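Asker: The amino acid sequence is not available; the structure is as follows:
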């Protein structure tokens, strides 16, 4: 049992390191099916209809442009270029700007789900269907999803899958994803753990009063997977109100508020580590704010101020996507905000999130319902 838990903690740490792409995000290492990735090209055209700074119109060839092409971000009138080099762009002699999906390695659940969300938001249902078929094939017997086919454990990526519309994913498949989320919590909230702590005479820390979600079952709850689970459950609650779902949403939000850093914003885990105050990170701050939609109070105001500060200095596409969504959730994104002109979108999740967040209400409804 101890060996199994150690393996799960190791997997959780690896997942965490993969998410911490603050200043130097790596190139695409996890891919969606090739045809799904390639289909993001016309999808971007449908989501983005405003002109470039130079006056060019957005076209299928303008997604994933080479380094010398126009730069910017979709959905903004002042800087409406699309994420560059986001799906393994390749330029061929005499071909102008052309794109090819990066298909190195095997397909992963997270980028496939995000790509499917972006395609559905753009009306590319045919291309999204191929990704949805792959996702359905990856479902595990417990109703959850592994990071990749061949991994024999469901993880946090189930929350990303649960963001997909039931009509597209399949009502029964979607219901099992929601059930998996409802049945999953951090180990510090489990009956066995709490009983052990009580028998040992240990008091219950304030930040363990409420249940969050872990990266992998059997591990402690973290801010990232908790935020994603709340987004999926809140979207489901608006479609199908349920006391059980609402109870988990409220518990998860209380978990987030209890884990807020002293200065505002969120770290990946606890607000204190090794006796020191933890510092907030931009991506987790944005994710938590998105999950706290409709929550008001001094803590949220302090977090919004921290997020606003991050917005001006952030150079990570992943973090900037979540910061924008978090601020938009509370109506605090500065009007006309433009991402840094040389911001690089290096992974499918980054490019897909950028299209969703920058695609106006049509894109963001895939988070909010």
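Answerer: Noted; the coordinates are in hand. Only a predicted model underlies this, so the values are computations on that prediction, with no experimental measurement involved. Numbering: from 1, shown residues only.

Asker: Is it correct that residue 268 is in contact with residue 222?
Answerer: Yes: checked against CB atoms under 8 Å, the pair residue 268 and residue 222 is within contact range at 5.8 Å. In short, each C-beta sits where N, CA and C put it, glycine included.

Asker: Of the two, which one has the most company?
Answerer: In terms of neighbours (other CB atoms under 10 Å), residue 222 is the more surrounded of residue 268 and residue 222; the figures are 26 against 20.

Asker: Do I have it right that the more buried one meets residue 269?
Answerer: Yes: in this structure, residue 222 sits in contact with residue 269. The criterion is CB under 8 Å, and the distance is 5.5 Å.

Asker: Find me the pLDDT at residue 343, would you?
Answerer: Reading off the confidence values, residue 343 has pLDDT 86.

Asker: Give me the spatial nearest neighbour of it, chain neighbours excluded.
Answerer: residue 317 (5.7 Å; CB to CB, 6 or more residues apart in numbering).

Asker: List phi and psi for the one you found.
Answerer: Listed backbone geometry of residue 317 is phi -60, psi -40, with angles given as degrees, to the nearest 10.

Asker: On the pLDDT front, check it for me.
Answerer: At residue 317, pLDDT is 94.

Asker: Would you mind confirming that it makes contact with residue 342?
Answerer: No: with contacts defined as CB under 8 Å, residue 317 does not count as touching residue 342, sitting 11.0 Å away.

Asker: Among these two, which residue is more densely surrounded?
Answerer: A direct count of neighbours by other CB under 10 Å for residue 317 and residue 342 places residue 317 higher, at 27 against 10.

Asker: Check the gap between the more buried one and residue 307 for me.
Answerer: Per CB to CB, to the nearest Å, residue 317 is found 16 Å from residue 307.

Asker: again, but for residue 291
Answerer: 13 Å.

Asker: From start to finish, how long is stretch 292-301 in a straight line?
Answerer: The first and final residues of stretch 292-301 sit 11 Å from each other (CA to CA, to the nearest Å).

Asker: what comes up buried for it?
Answerer: 292-293, 295, 300 (16 or more other CB atoms under 10 Å).

Asker: One more: stretch 339-355?
Answerer: By 16+ other CB under 10 Å, the buried positions in stretch 339-355 come out as 339-340, 343-355.

Asker: Low-confidence ranges, the protein, go.
Answerer: Low-confidence segments of the chain, defined by pLDDT under 70: 1-105, 188-208, 271-276.

Asker: one more time with 80
Answerer: Residues of the chain meeting the criterion pLDDT under 80: 1-105, 187-209, 269-278, 359-364, 368-369.

Asker: quick one, strands of it?
Answerer: 213-214, 221-222, 272-273, 276-277 (DSSP state E).

Asker: Show me what the first one is packed up against.
Answerer: Applying 3 or more CB pairs under 8 Å, 6 or more residues apart in numbering; DSSP states H and E, one finds that strand 213-214 contacts strand 221-222, helix 223-239.

Asker: I'd like to know which of these is closest to residue 150.
Answerer: Ranking the helices and strands packed on strand 213-214 by distance to residue 150, with CB to CB as the measure, places helix 223-239 first at 21.0 Å.

Asker: The closest one: which residues count as buried?
Answerer: The neighbour-count criterion (16+ other CB under 10 Å) identifies 223-237 as the buried residues of helix 223-239.

Asker: any idea which of those is the one closest to residue 146?
Answerer: residue 225 (14.2 Å).

Asker: What separation is there between that closest one and residue 342?
Answerer: In this structure, residue 225 and residue 342 are separated by 31 Å, where distance is defined by CB to CB.

Asker: returning to what we had before: quick check: the two most widely separated of the buried residues of stretch 339-355?
Answerer: Between all members of those, the longest pairwise span (CB to CB) is found for 340 and 348 and amounts to 20.4 Å.

Asker: Of the buried residues of helix 223-239, which is the nearest to residue 214?
Answerer: Nearest to residue 214, judged by CB to CB, of the buried residues of helix 223-239 is residue 225 at 6.2 Å.

Asker: Next one: the closest one from residue 155, what distance?
Answerer: Plainly put, residue 225 is 8 Å away from residue 155 if you go by CB to CB.

Asker: what residues are shared contacts of those two?
Answerer: Where contact means CB atoms under 8 Å, 6 or more residues apart in numbering, the residues bridging residue 225 and residue 155 through contact with each are residue 215.

Asker: Torsion angles phi and psi at the nearest residue to residue 158 once chain neighbours are set aside?
Answerer: Using CB to CB, 6+ apart and skipping residues adjacent in sequence, the residue nearest residue 158 is residue 144, 4.3 Å away. With angles defined as degrees, to the nearest 10, residue 144 shows backbone torsions of phi -110, psi -180.

Asker: The one 3 residues further on too?
Answerer: With angles defined as degrees, to the nearest 10, residue 147 sits at phi -60, psi -30.

Asker: Counting neighbours, what do you get for it?
Answerer: Look at residue 147: counted by other CB under 10 Å, it has 22 neighbours.

Asker: Would you agree it is in contact with residue 160?
Answerer: No: under the criterion of CB under 8 Å, residue 147 makes no contact with residue 160, lying 10.4 Å away.

Asker: Kindly point out which residues are neighbours of both of those two.
Answerer: Common neighbours of residue 147 and residue 160 (CB under 8 Å, 6+ apart) are 109-110.

Asker: thinking again about what came up before, Throw the buried residues of stretch 292-301 into TSV and include distance to residue 178, thanks.
Answerer: Formatted as TSV, the entries for the buried residues of stretch 292-301 read as follows, by distance: CB to CB, whole Å:
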residue	distance to residue 178
292	20
293	18
295	22
300	26
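
Asker: ok, so of those residues, who is nearest residue 218?
Answerer: The nearest one, if we look at these relative to residue 218 and count by CB to CB, is residue 292, at 26.5 Å.
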